[in-house]
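J.: predicted model and sequence follow; I will ask about them next.
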Amino acid sequence: MEVRVRGDRMALDLAEDFSRFKVVMCDRTATSFASHQLSLEPSLTLADKDTAWVSLSWLRTTGPADTHWQTGLDQMVAKAAPHGWISADGSAVKAHLEWAEVAPQVSDSFRLAMRRLAATPCLITTMSAGRRHGMAATSVTSLSFDPPSILVCVNAQASIHDPLRAEGRFCANLMGGNHDALLGAFSGELKGEARFSLGDWQVQANLPYLPDAQANIFCSVAEKWRYGTHSIFVGQVESVRTDGELDPMVYLDGRKGRFAAV
């Protein structure tokens, strides 16, 4: 029996084979283990990098709806219990964990390819419990015009990640060619509130925004989900401010520059 995990979805495979039980991470690697701990709870909880707890109620609900299969599951549980593979409260069974393998050359080539994708960096900002949080991101793109919406991808380890999930609102500040120092500050040179010591930051609708940015896109989070190391936030646009002068910062191959028409 296998529980196959792709993204944030779980599916039961080989349900009739009770001789083995494992969880297969189809698109997640062990090297990014720490970022996968919360997206599948309570159906699946990682015990360590080699094993995971699978909810028995999820198995009973997902498996074949016949008494023969339920009896087979009960027998598997009975065999696992003496070996410590059933949780103390009897709600979960432990399974071996198999991580996806990504060839290093694919990962390296993909990283190199993405460095050739020119983009305007954005400063993503939010406010939580009276504290400002922000990060620099190039993984920001338009999603639809009806309704107006954008996608923002945030690493689960970023300091803004949990405040953004909790508050459900953010501002995407599109950076201009004069924002060199801000890009460094929001990319790790400064931490926390110190990042906002640079720039003339103001607040609108309880969100920090940069008035001289190329544009300020104020959003509420309409949907969110996890994939790999990142959370993907769908921001439904509430309001927009734009600067009169067209002078976006352009980020390419780890370097920043300015746009010039050909």
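T.: Nice, thanks for sending it over.
J.: where are the low-confidence patches of the stretch 1-150 of the chain?
T.: By pLDDT under 70, the low-scoring segments of the stretch 1-150 of the chain are 31-39, 102-105, 107.
J.: how about the helices in it?
T.: Remark: helices assigned in the stretch 1-150 of the chain by DSSP state H, counting those that start in this stretch are 56-62, 67-80, 104-114.
J.: the stretch 151-262 of the chain now?
T.: Taking DSSP H, counting those that start in this stretch, the helices of the stretch 151-262 of the chain run over residues 161-167, 180-184.
J.: mean neighbour count for the ones you listed - can I get that in CSV?
T.: Bear in mind the C-beta positions are built from the backbone N, C-alpha and C, glycine included. Listed next are these as CSV, based on neighbours: other Cβ atoms under 10 Å:
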stretch, mean neighbour count
helix 161-167, 17
helix 180-184, 16
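J.: nearest to Tyr227, of the ones you listed?
T.: Among these, helix 161-167 comes nearest to Tyr227, with 13.6 Å by Cβ to Cβ.
J.: average pLDDT for that closest one?
T.: For helix 161-167, mean pLDDT is 94.
J.: between the helices of the stretch 151-262 of the chain, which one is nearest to His230?
T.: Each of the helices of the stretch 151-262 of the chain has some distance to His230 by Cβ to Cβ; the shortest is helix 161-167, at 8.9 Å.
J.: domain assignment for the chain?
T.: 2-98, 108-256 (automatic domain parsing).
J.: most tightly packed of these?
T.: Mean neighbour count, computed with mean count of other Cβ atoms under 10 Å, is highest for domain 108-256 among these, reaching a mean of 17.
J.: assess the claim that Tyr251 and Ala119 are in contact.
T.: Yes. Judged on Cβ atoms under 8 Å, Tyr251 makes contact with Ala119 at a distance of 5.6 Å.
J.: overlap of the contact sets of these two?
T.: Thr138 (Cβ atoms under 8 Å, 6 or more residues apart in numbering).
J.: okay, Leu112 and Thr29: tell me how far apart.
T.: Relative to Thr29, Leu112 is positioned 18 Å away (Cβ to Cβ, to the nearest Å).
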